[in-house]
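S.K.: only geometry, no sequence info:
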Ligand SMILES: Nc1ncnc2c1ncn2[C@@H]1O[C@H](COP(=O)(O)OP(=O)(O)O)[C@@H](O)[C@H]1O
Ligand SMILES: [Mg+2]
């Protein structure tokens, strides 16, 4: 079946004690599209990603990825279906080395007995080295993740996603809190890794958004305020009002 | 770089020192009575090693390990009791051929679930299988519902309490508060003699090393690193594509299996099994052995079990009422000042000094064979 959309989010709603953080939201992502979600703080951007990857249970709606309903799946099943997620605050395994962090994300030996029998063969090592070079951490492989800088942790987490080779990559503010130099390197890195897959990015840096976005969704109070190309969205009076009109 | 060897050089030395202690030093310096006592302490080490994996590595604190220790011990005791309850030995009972406590409780027939324990292979299987089955049921019920942390600890503690009450209440089937006593022979071999006790001490030591090697394998496998990852960032592990509950169930069951073996060896060496080894207090004591030894270290767990029990015996001989206070104080002191326990003191304070001393004496060999490869 050749669907036009790889991800279909329809009527997605979550209510936290009556407060609808995401409110009947629908959007559709095409294969190889890079969708950027922007919106003011508290708009529900992070929550949308949480709902898609199974971290938060939806109250209503559906999320269909490659013809599979994700809302009834467990987090690890969603990962195996091909969805990877980067968190807003870098979340890596601090007590493990960079190598071990990447190794745990390597898509093999994910069952209990698979993990017991897992061998670090040449293929695994080669792939980890490869990824480590991509994320600028080739020299830190044996360092504990706890000793990495904030930016390096962000890269490591991106590396952990890359090694999973997901078809849908979701990144939550990947350049937030980075120095200017790190930001530039990350933009380069992201430009490289968003090829050949669908991506959803949450980002504030407009220059960066214009550079990578296929389409932009503007979220406001859990709803779509505007959607389309960067140019169209930027000129939408509703968007201008939300961002500048106070 | 990124060595995945089964044991580092340091760990081999650690294993060797412990082996020398258990198989050479203790048998050489202790009389039969004391050796048997240390054999008993070492049965608790099985539990502590399991806790080092569950709690130390995986962050799953169980306050009910006594249950698994007891289940293993009871399975062994049931076999031995049946062997001791031949119709000839029990001729004076109103129903000869059943365990004495059943007869006292007006049972006239062996309960059906005692029948398998006539068979040694089945009993030995049960020593591991019964604790694992219990752990599996608890694990599935708790971990798939994502019950963890303090809640899990409290529930396991409640479980230990329930188990004790059940055993005491059903005395016709379990021997009640006295437990299963007066155990005599194993396949005709008298386990009460000094010679038998010495042999059992060595069997116990060998089994403990088997368990330690399994624990070492698990720790060095990817599963071992996953446990650490789960302890620190459980949520994140799910998004690396792992079903966290399965891993917790596995490690909890493994700890239960270790505890069951320890319980069976307790029964064999001490000659009875009773509910005093199942309940809340022994379960908490077992956690303390692990904490004192250093909850991250499987070898430390063994030393913790040995040391705390040795202190307990020495102290409670002279000041029985002070022991619980002392134990509580010890636990608080360790947690506050030595969070990594004895193992932490060793690797942070003693080992570096020993190494420094060693390399000063032999400056030419200061780059030992393994060093560049690390
Ligand atoms: N688990 C939760 N429980 C209650 N409220 C939540 C929860 N998660 C998010 N929220 C609320 O939902 C709103 C949207 O949050 P979020 O998605 O993090 O916003 P954004 O990422 O766009 O800044 C916020 O008001 C936040 O307080
Ligand atoms: Mg956010």
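M.R.: Received the coordinates, thanks. Fair warning: this is a prediction, and the values are worked out from it, not measured in the lab. Ligands and ions are numbered 1, 2, ... in the order given.

S.K.: where in chain A is pLDDT low?
M.R.: A:1-2, A:244-246 (pLDDT under 70).

S.K.: tell me which stretches of it form strands.
M.R.: A:7-16, A:19-29, A:34-38, A:60-65, A:68-69, A:83-86, A:168-172, A:198-202, A:215-220, A:223-228 (DSSP state E).

S.K.: mean neighbour count added to the ones you listed, as JSON lines?
M.R.: No exception for glycine: its C-beta is placed from N, CA and C like everyone else's. Shown next, in JSON lines, are the strands of chain A (neighbours: other CB atoms under 10 Å in any protein chain shown):
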{"stretch": "strand A:7-16", "mean neighbour count": "18"}
{"stretch": "strand A:19-29", "mean neighbour count": "18"}
{"stretch": "strand A:34-38", "mean neighbour count": "24"}
{"stretch": "strand A:60-65", "mean neighbour count": "18"}
{"stretch": "strand A:68-69", "mean neighbour count": "12"}
{"stretch": "strand A:83-86", "mean neighbour count": "26"}
{"stretch": "strand A:168-172", "mean neighbour count": "24"}
{"stretch": "strand A:198-202", "mean neighbour count": "25"}
{"stretch": "strand A:215-220", "mean neighbour count": "22"}
{"stretch": "strand A:223-228", "mean neighbour count": "18"}
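
S.K.: just put those strands in TSV and tack on distance to residue B:342.
M.R.: Shown next, in TSV, are the strands of chain A (distance: least, CB to CB, whole Å):
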stretch	distance to residue B:342
strand A:7-16	47
strand A:19-29	49
strand A:34-38	52
strand A:60-65	51
strand A:68-69	51
strand A:83-86	40
strand A:168-172	43
strand A:198-202	48
strand A:215-220	54
strand A:223-228	59
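
S.K.: reformat the ones you listed into CSV and put distance to chain B next to each item.
M.R.: Listed next are those as CSV, based on distance: least, CB to the nearest CB, whole Å:
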stretch, distance to chain B
strand A:7-16, 17
strand A:19-29, 18
strand A:34-38, 19
strand A:60-65, 15
strand A:68-69, 15
strand A:83-86, 5
strand A:168-172, 10
strand A:198-202, 15
strand A:215-220, 22
strand A:223-228, 26
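
S.K.: nearest spatial neighbour of residue 196, skipping sequence neighbours?
M.R.: Defaulting to chain A. Computed as CB to CB, 6 or more residues apart in numbering or on different chains, the closest residue to residue A:196 that is not its neighbour in sequence is residue A:32, at 6.8 Å.

S.K.: please refer instead to chain B.
M.R.: residue B:190 (6.0 Å).

S.K.: and the pLDDT at that neighbour?
M.R.: Looking at residue B:190, its pLDDT stands at 96.

S.K.: now do residue B:105
M.R.: Residue B:105 is given a pLDDT of 94.

S.K.: can you check residue B:319 too?
M.R.: 79.

S.K.: and it, how far from residue A:202?
M.R.: 64 Å (CB to CB, to the nearest Å).

S.K.: for residue B:142, same thing?
M.R.: Residue B:142 is 35 Å from residue A:202, by CB to CB.

S.K.: list the contacts of the residue nearest to residue A:196.
M.R.: A:196-198 (CB atoms under 8 Å, 6 or more residues apart in numbering or on different chains).

S.K.: which positions are bridged to the most centrally placed residue in chain A in the beta structure?
M.R.: Centroid-nearest residue in chain A, with CA atoms, centre = their mean: residue A:170, separated by 1.8 Å. Beta-bridge pairing for residue A:170 (DSSP bridges): residue A:85, residue A:200.

S.K.: wait, doesn't it sit right on residue A:53?
M.R.: Yes - contact criterion CB atoms under 8 Å: residue A:170 and residue A:53 qualify, at 6.7 Å.

S.K.: what sits in contact with each of the two?
M.R.: A:83, A:85.

S.K.: what is the one helix or strand residue B:101 maps to packed up against?
M.R.: Following DSSP states H and E, one finds residue B:101 within helix B:100-104. Using 3 or more CB pairs under 8 Å, 6 or more residues apart in numbering or on different chains; DSSP states H and E, the elements in contact with helix B:100-104 are helix B:171-174.

S.K.: now the helix it packs on: buried residues?
M.R.: B:171-174 (16 or more other CB atoms under 10 Å in any protein chain shown).

S.K.: check contacts around the residue nearest to residue A:146 when sequence neighbours are not counted.
M.R.: Counting by CB to CB, 6+ apart, the nearest residue to residue A:146 once its immediate chain neighbours are dropped is residue A:94, at 3.9 Å. For residue A:94, the contact set (CB under 8 Å, 6+ apart) comprises A:144-146, B:232-233.

S.K.: can I get those in JSON lines with neighbour count and distance to ligand 1?
M.R.: Below are the contacts of residue A:94 laid out as JSON lines (neighbours: other CB atoms under 10 Å in any protein chain shown; distance: CB to the nearest ligand atom, whole Å):
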{"residue": "A:144", "neighbour count": "15", "distance to ligand 1": "29"}
{"residue": "A:145", "neighbour count": "23", "distance to ligand 1": "24"}
{"residue": "A:146", "neighbour count": "13", "distance to ligand 1": "26"}
{"residue": "B:232", "neighbour count": "18", "distance to ligand 1": "21"}
{"residue": "B:233", "neighbour count": "19", "distance to ligand 1": "18"}
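
S.K.: and those residues, which two are furthest apart?
M.R.: The span of these, defined through CB to CB, is set by A:144 and B:233 at 13.8 Å.

S.K.: show me the shaky parts of chain B.
M.R.: Using pLDDT under 70, the flagged stretches of chain B are B:1-4, B:360-374.

S.K.: and the residue sitting nearest the centre point of chain B, backbone torsions?
M.R.: Residue closest to the average C-alpha location in chain B (CA atoms, centre = their mean): residue B:47, at 1.9 Å. Here is the backbone geometry of residue B:47 (degrees, to the nearest 10): phi -70, psi -40.

S.K.: so it makes contact with residue B:284?
M.R.: No - the pair residue B:47 / residue B:284 is not scored as a contact, 11.6 Å apart, by CB under 8 Å.

S.K.: how many residues are close by the closest residue to ligand 1 within chain B?
M.R.: At 12.4 Å from ligand 1, residue B:235 is the closest residue in chain B, using CB to the nearest ligand atom. By other CB atoms under 10 Å in any protein chain shown, the residues close to residue B:235 number 12.

S.K.: which ones are touching it?
M.R.: Contacts of residue B:235 (CB under 8 Å, 6+ apart): A:55, A:91.

S.K.: change it to 6 Å
M.R.: By CB atoms under 6 Å, 6 or more residues apart in numbering or on different chains, no residues touch residue B:235.

S.K.: any idea how far the strand or helix carrying it is from the chain center?
M.R.: Taking DSSP H and E as the definition, one finds residue B:235 inside helix B:222-238. Put simply, helix B:222-238 sits 24 Å off its chain's centre (CA atoms, centre = their mean, to the nearest Å).

S.K.: next secondary structure after it?
M.R.: helix B:244-270.

S.K.: returning to what we had before: and the residue nearest to residue A:196, backbone torsions?
M.R.: Residue torsions, per degrees, to the nearest 10, at residue A:32 are phi 70, psi 10.

S.K.: try residue B:60
M.R.: For residue B:60, the backbone dihedrals (degrees, to the nearest 10) come out as phi -100, psi 110.

S.K.: that one contacts residue B:54, correct?
M.R.: Yes - if you go by CB atoms under 6 Å, residue B:60 and residue B:54 touch, sitting 4.6 Å apart.

S.K.: show me where chain A has its helices.
M.R.: A:45-52, A:75-81, A:98-105, A:112-117, A:122-134, A:150-164, A:180-193, A:206-212, A:230-234, A:237-244 (DSSP state H).

S.K.: I meant to write the stretch 51-200 of chain B there.
M.R.: B:65-84, B:100-104, B:120-143, B:149-169, B:171-174, B:194-220 (DSSP state H, counting those that start in this stretch).

S.K.: many thanks, have a good one.
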